[in-house]
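Asker: Take this sequence and fold it.
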Amino acid sequence: MPPRRERKDWTLPPAPGPSLRQRVEQREREQGLRCSDTSCGVGPSDDDPYPEPSTSLTKQVSIHPLPDTSDHESAVHASVCAHEFHPACLVSAERVAGWGGEDKAEPLVEVSCPVCRAVGCVTRDEWESGVSAL
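Answerer: Coordinates of the predicted model:
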C-alpha cells in the first residue's frame, strides 16, 4: 500500500475580476456620470438608469489644499487627492460628516474627502453650486 499523502487545506480561488456592477460604475465614472462618492446621488441608479444629463449635474470638483497664506488663487489649482465629486454629493457628504460652509464671508470652504479623509478646501462658488443643486 502506498504511503498516504498529506492533505492540503482548501482555499478560496482568486476572484475572476471586478463584478458587473463595479465595471458599470467605473464606466459611469469615466463618462462623468458618477463621482467618487460611494453614495453618489447624481449618477444613474437601479431606479433611474437614464437620468437627464445636464452640464450642472456632470460637473465635478476636486478638493484643493488649504492655503498657507491669504493667497487663495494658488490653492485652487492643485488637489489633495485623486477623488472628484459632484458639488451636490460633496455638500451632502460634508453635512452628514458634520462639516459645513456656514461662514459665508470666507472665499474658501474647508472640507474633508469622504473617501480618503484628506482635508482641504473648495471655493465658495463650488460649494454654493452644490447647495443649490440639493
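Asker: contacting residues for K59?
Answerer: 86-87, 129 (C-beta atoms under 8 Å, 6 or more residues apart in numbering). Any C-beta I mention is one placed from the backbone N, CA and C, and that applies to glycine too.
Asker: contacting residues around the residue most central in space within the chain?
Answerer: Most central in the chain under C-alpha atoms, centre = their mean is S36, positioned 2.6 Å from the mean C-alpha point. Applying C-beta under 8 Å, 6+ apart to S36 gives the contacts 29, 83-85, 114-115.
Asker: And for I63?
Answerer: Each residue near I63 by C-beta under 8 Å, 6+ apart is listed here: 79-81, 83, 85, 90, 111, 113, 118, 120-122.
Asker: quick revisit: can you tell me which of the contacts of S36 lies closest to K104?
Answerer: K104 has its nearest neighbour among the contacts of S36 in F85, at 21.1 Å by C-beta to C-beta.
Asker: Leaving out sequence neighbours, find the closest residue to that closest one.
Answerer: C35 (4.5 Å; C-beta to C-beta, 6 or more residues apart in numbering).
Asker: circling back to that earlier point, and the residue lying closest to the residue nearest to the centre of the chain once chain neighbours are set aside, how many neighbours does it have?
Answerer: Nearest non-adjacent residue to S36, counting by C-beta to C-beta, 6+ apart: H83, 3.8 Å away. For H83, the tally of surrounding residues (other C-beta atoms under 10 Å) stands at 18.
Asker: Go ahead and confirm H83 touches V115.
Answerer: Yes: counting by C-beta atoms under 8 Å, H83 does reach V115; the two are 4.9 Å apart.
Asker: Let me see the ranges of the helices in this structure.
Answerer: Assigned by DSSP state H, the helices in the chain fall at 20-30, 55-58, 87-97, 124-133.
Asker: tell me the most buried of these?
Answerer: helix 87-97 (a mean of 21; mean count of other C-beta atoms under 10 Å).
Asker: tilt between it and helix 124-133?
Answerer: 90 degrees (axes from the mean of the first three to the mean of the last three C-alpha atoms, to 10 degrees).
Asker: Just the mean pLDDT for helix 87-97, thanks.
Answerer: Average pLDDT, helix 87-97: 89.
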